[in-house]
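Asks: Pasted the sequence and its predicted model underneath.
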Amino acid sequence: MGREFIELFDNWSEDYDQTVAGHDEQYREVFEHYDHILQTVASRSQGTVVEFGVGTGNLTEKLIALGRQVYGVEPSSGMRGQITKRGLAFTLLDGDFIQFPQIGAPVDSIVSTYAFHHLTDAEKEEAIALYSKLLSSGGKIVFADTVYRDADERELIHASAREAGYNDLLYDLQTEYYTTIEALQAMLERNGFSVTFNRLNRYVWLIDATKNG
């Protein structure tokens, strides 16, 4: 359920915003067009939104600015501490993609950025099945995350990081649970969603899925 990464995010919480701003060369391409990526996800959402992995609140802020009612789910106490400092008007919950408190309202959208890869493929499908029950017909899953077009692209990206000497990035790519478009599409379609994929930078794809009637 991604909870094996909580300590990493507790330790990263104070420096996270510097990383996404491009201050870490190894991750600069991963977070290229970061603000545009967040705005794209926020603009595709609708109504009452559950956001998983709120982090320091960068996407949360954009959702609120668009008038969404937001329930934010975050397992890292360090990250919850950072977002609390911002004083945003939303409901913050301690939980993860699969285990989270009951949402006290009908849910129209489920969103996340840079986080779904912390679940194994089996856990991803478990989460998607749960969201299929939570959303009504026309409800949306809108994620932006690192996904490989296919296995060949995985090898190319790993080789590129290795050649650049980006050992921290390569370690993350090899040890976290990045999947392929084919695998994600199959999971979503099996659970009653129609989905489109659009590339937002070399690493990140927009996953825009609508619950079928």
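Replies: Received the coordinates, thanks.
Asks: which residues touch the residue nearest the centre of the chain?
Replies: Ranked by distance to the mean C-alpha position of the chain (Cα atoms, centre = their mean), the top residue is T113 at 2.9 Å. Applying Cβ atoms under 8 Å, 6 or more residues apart in numbering, we find T113 in contact with 37-38, 41, 53, 59, 143-145. C-betas here are computed from N, CA, C, even on glycine.
Asks: Widest-spaced pair of those?
Replies: Of all pairs drawn from the contacts of T113, the one with the longest distance (Cβ to Cβ) is I37 and G53, at 13.9 Å.
Asks: Lowest-scoring secondary structure element of the protein by mean pLDDT?
Replies: helix 6-12 (a mean of 68; mean pLDDT, DSSP states H and E).
Asks: can you pull the contacts of the residue of the chain positioned farthest from its centre?
Replies: Note on the chain: the largest C-alpha distance from the chain mean falls to E163, namely 27.3 Å (Cα atoms, centre = their mean). Applying Cβ under 8 Å, 6+ apart, we find E163 in contact with no residue.
Asks: cutoff 10 Å now
Replies: L170 (Cβ atoms under 10 Å, 6 or more residues apart in numbering).
Asks: With A65 instead?
Replies: A65 is in contact with 39, 42, counting by Cβ under 10 Å, 6+ apart.
Asks: Angles on the backbone of it, please.
Replies: Backbone geometry at A65, expressed as degrees, to the nearest 10, gives phi -60, psi -30.
Asks: ok, G53 to G139 distance?
Replies: Going from G53 to G139 by Cβ to Cβ, to the nearest Å gives 19 Å.
Asks: Same check on E125?
Replies: Plainly put, E125 is 18 Å away from G139 if you go by Cβ to Cβ.
Asks: now swap in L156 and tell me
Replies: Counting by Cβ to Cβ, the separation of L156 from G139 is 35 Å.
Asks: Could you do M79 as well?
Replies: Counting by Cβ to Cβ - M79 and G139 are separated by 26 Å.
Asks: before we move on, the earlier item: between G53 and G139, who's got more neighbours?
Replies: In this view G53 and G139 are compared by other Cβ atoms under 10 Å, and G53 has more residues nearby, 25 against 21.
Asks: And the helix or strand where D145 lies, what does it pack against?
Replies: Secondary structure assigned from DSSP states H and E places D145 in strand 135-146. If contacts are counted by 3 or more Cβ pairs under 10 Å, 6 or more residues apart in numbering; DSSP states H and E, strand 135-146 sits against helix 34-44, strand 48-52, strand 107-113, helix 121-134, helix 181-190, strand 193-199, strand 204-211.
Asks: Give the buried residues for it.
Replies: Applying a neighbour-count criterion of 16 or more other Cβ atoms under 10 Å, the buried positions in strand 135-146 are 135, 139-146.
Asks: angle of whichever helix or strand comes after it against strand 135-146?
Replies: Moving toward the C-terminus from strand 135-146, the next helix or strand (DSSP H and E) is helix 151-163. Angle between the axes of helix 151-163 and strand 135-146 is 40 degrees (criterion: axes from the mean of the first three to the mean of the last three Cα atoms, to 10 degrees).
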